[in-house]
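[1] Sequence and computational prediction follow.
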Amino acid sequence: MIRLCRDSEAEAIYSIINDAAEAYKGIIPQDRWQEPYMSKEELQEEMNADVTFWGYEEDGELLGVMGIQPVQDVTLIRHAYVRPAHQGQGIGGMLLAALRRQTTRPILVGTWANAAWAIRFYVKHGFRLLSPEEKDRLLRNYWSIPERQIETSVVLADSKWPHAVSRP
């Protein structure tokens, strides 16, 4: 079942994010890795910044989470993670489909350029990579991230974004 996460589930959201983010260790630039990947304080800051988390629940346990955040004229997909033992079962795709129904605005998602599995996931679900120039502009405009993260990230957009281009 996909449902809105409750504030009281911050510990479960934190656990899912950090367990699944272990996949980034050794993949993303070493200077961008930290343990935990997302602190409890950072998670609270995201929630305070209107990132609304939705979760996939099975037998009373949250197995995956994905955030959605309205920013200016777009909607951002934020912090999409599934517990490692449950990856590859379609949970991320179901969460993404549910969040896409939450908005009529263009949807953008940022991820690490070296996270090939994440890029493949979004492309499989109809997103397209944006040009490096567009990526840089969008990351500076819609996200609050350090310059080093901008350098090492990509942005993908759904079909509502007018400037999406396929990756070569």
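    Sure thing, it's come through. Small disclaimer: the values here were computed from a predicted structure and weren't measured.

[2] where's Pro70, which helix or strand?
    For Pro70, the element it lies in under DSSP states H and E is strand 61-71.

[3] cool, and Lys135?
    When secondary structure is defined by DSSP H and E, Lys135 falls within helix 132-142.

[4] Need the CA coordinates for that helix. CSV is fine.
    Output in CSV follows, covering the C-alpha atoms of helix 132-142 (Å, rounded to 0.1, in the frame of the first residue of the first chain):
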residue,chain,number,x,y,z
PRO,A,132,24.8,19.6,-18.8
GLU,A,133,24.1,23.3,-19.2
GLU,A,134,20.4,22.9,-18.3
LYS,A,135,21.3,20.7,-15.4
ASP,A,136,23.6,23.2,-13.9
ARG,A,137,21.0,26.0,-14.2
LEU,A,138,18.2,23.9,-12.8
LEU,A,139,20.3,22.6,-9.8
ARG,A,140,21.2,26.2,-8.9
ASN,A,141,17.6,27.4,-9.3
TYR,A,142,15.5,24.6,-7.7
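
[5] And the next helix or strand past that helix?
    Going down the chain from helix 132-142, the next helix or strand is helix 147-151, by DSSP H and E.
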